[in-house]
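> Fold the following and give me the result.
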Amino acid sequence: MISFIIIGRNEGWKLIKCFGSVFETIKHNKLNEYEVIYVDSNSTDSSIDIAKDFKEVKIYKLVSGYNAAVARNIGAEKASGENLFFIDGDMEIIADFLPLIFNEREGLLYNFVSGQFIEYYYDLNDNYIDKKEYHAMNDKDQYEATTGGLFCIKKDVWLSVGGMKTKYKRSQDLDFGLRLAKKGVKLLRKKEIMARHHTMYHLEKYTTFKILPNYYQLYSRSLLYRDHMLNQSIIRIILRNDYTMVLLIICSILSFSMINYLPFSFYILTIIIRSIINANIKINVILKLIVHYIYRDIISILGFILFFPSKINDSDIKYIKIR
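Okay, here's the model as predicted:
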């Protein structure tokens with residue numbers, strides 16, 4: 001049996017597409033043994049009503065102590081299937097992908113698996129902007145140490161690391177993948193398209209300096225890096241996403257040891273080049289990205305030393321079963 005576990009909070013029209021794609025996948029592949037579970041993180045929009053429109057969906061609403069990690073843990077706990085298919089509520093799965101990784105006779109063909117997906121970008125008013133492949137398209141499958149919100153996993157593998165850590169308000173999926181990788185279980189990233197992801201265009205969030213006090217960066221960087229500092233798989237992530245943070249540390253050490261601020265000029269130059277590349281030469285965005293990257297690097301380093309969030313205790317988690 002396969003359990004489709006959808007999590008969401010205020011996804012609106014995206015959730016309609018998500019549920020529709022799940023049931024299209026079930027119909028297209030003529031599945032007989034399945035269930036669809038939706039775990040809502042206290043949405044204030046019409047998400048619950050949308051879920052109710054799909055008669056077969058089992059609905060749970062978290063009302064306190066909620067985040068994505070908690071929602072996925074609840075979904076896995078309530079799942080009857082030995083095969084778990086996790087989907088974020090802003091995604092549409094591709095019906096033809098499922099036979100590549102699952103059949104009802106054997107179950108999941110891999111312990112931990114996902115695929116490629118297409119990003120559909122929207123502005124702040126949900127107007128479509130563009131689309132592109134999220135992962136670099138490969139001509140062959142490959143193993144990775146991390147995952148996102150879209151993956152399939154055998155339930156016993158999920159339980160082997162105790163599911164997701166509730167202290168992570170962000171990047172709980174990265175932490176989960178890294179913990180599995182440390183146990184020798186890596187995510188198989190299939191080369192085929194698995195889903196469409198409807199999301200905000202990444203440069204939209206830099207239209208205001210409100211990005212500066214982004215508390216969640218501490219989870220995706222400071223906490224993640226500290227928890228996995230002895231995990232060799234984290235090195236690739238740091239060098240890919242936070243090479244300027246590493247450079248800032250090196251330049252700081254050199255400056256203090258040399259009593260010379262010249263090494264910092266190399267760091268600033270690298271920040272400028274990175275901002276130009278990511279802003280596509282848009283001057284107004286470049287300036288905001290420069291501030292963003294410098295701020296993020298400093299906060300990530302300070303958070304590595306000072307940020308120690310508590311996990312959400314079971315007694316703090318409250319939910320109701322809607323259906």
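
> When you work out contacts or count neighbours from here on, use the C-alpha atoms and nothing else.
Will do.

> how about stretch 313-320: buried residues?
I317, Y319 (16 or more other CA atoms under 10 Å).

> Repeat that for stretch 34-53.
E35, V36, I37, Y38, V39, D40, S41, N42, S43, S47, I48, A51.

> likewise stretch 140-157?
Result for stretch 140-157 [16+ other CA under 10 Å]: buried residues E144, A145, T146, T147, G149, L150, F151, C152, I153, K154, K155, V157.

> Measure how far that stretch is from the centre of its chain, please.
12 Å (CA atoms, centre = their mean, to the nearest Å).

> Quick check: end-to-end length of that stretch?
Start and end residues of stretch 140-157 are separated by 24 Å (CA to CA, to the nearest Å).

> Quick one: residues in contact with that stretch.
76, 81-88, 108, 110-115, 173-178, 180-181, 186-191, 233 (CA atoms under 8 Å, 6 or more residues apart in numbering).

> Same check on stretch 16-34?
By CA under 8 Å, 6+ apart, stretch 16-34 touches 1-4, 50-51, 54, 81, 89-96, 98-99, 104.

> Which ones among these map onto strands?
I2, S3, F4, M91, E92, I93 (DSSP state E).

> Columns neighbour count, distance to F19 and pLDDT on top of the residues you listed, output as JSON lines?
JSON lines is the format used below for the ones in strands among the contacts of stretch 16-34 (neighbours: other CA atoms under 10 Å; distance: CA to CA, whole Å; pLDDT from 0 to 100):
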{"residue": "I2", "neighbour count": "25", "distance to F19": "15", "pLDDT": "97"}
{"residue": "S3", "neighbour count": "23", "distance to F19": "13", "pLDDT": "98"}
{"residue": "F4", "neighbour count": "26", "distance to F19": "10", "pLDDT": "98"}
{"residue": "M91", "neighbour count": "29", "distance to F19": "9", "pLDDT": "96"}
{"residue": "E92", "neighbour count": "25", "distance to F19": "8", "pLDDT": "96"}
{"residue": "I93", "neighbour count": "25", "distance to F19": "9", "pLDDT": "96"}
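
> next one: phi and psi at A279?
phi -90, psi 0 (degrees, to the nearest 10).

> hmm, I was thinking of V161
phi -120, psi 10.

> one step back: using PyMOL, define a selection of the buried residues within the contacts of stretch 140-157.
Selection command for PyMOL covering only the buried members of the contacts of stretch 140-157, criterion 16+ other CA under 10 Å:
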select buried, resi 76+81+82+83+84+85+86+87+88+108+111+112+113+114+115+173+174+175+176+177+178+180+181+186+187+188+189+190+191+233
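
> Just put the buried residues of stretch 34-53 in CSV and tack on distance to I301, pLDDT and secondary structure.
As requested, these are exported to CSV (distance: CA to CA, whole Å; pLDDT from 0 to 100; DSSP: H, G, I helix; E, B strand; the rest coil):
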residue, distance to I301, pLDDT, secondary structure
E35, 44, 98, strand
V36, 41, 98, strand
I37, 39, 98, strand
Y38, 37, 98, strand
V39, 34, 98, strand
D40, 33, 97, strand
S41, 31, 96, strand
N42, 33, 94, coil
S43, 33, 95, coil
S47, 38, 95, helix
I48, 40, 95, helix
A51, 41, 96, helix
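
> As JSON lines, those residues with distance to S64 would be great.
Output for the buried residues of stretch 34-53, formatted as JSON lines (distance: CA to CA, whole Å):
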{"residue": "E35", "distance to S64": "25"}
{"residue": "V36", "distance to S64": "23"}
{"residue": "I37", "distance to S64": "19"}
{"residue": "Y38", "distance to S64": "16"}
{"residue": "V39", "distance to S64": "13"}
{"residue": "D40", "distance to S64": "11"}
{"residue": "S41", "distance to S64": "8"}
{"residue": "N42", "distance to S64": "8"}
{"residue": "S43", "distance to S64": "11"}
{"residue": "S47", "distance to S64": "17"}
{"residue": "I48", "distance to S64": "16"}
{"residue": "A51", "distance to S64": "20"}
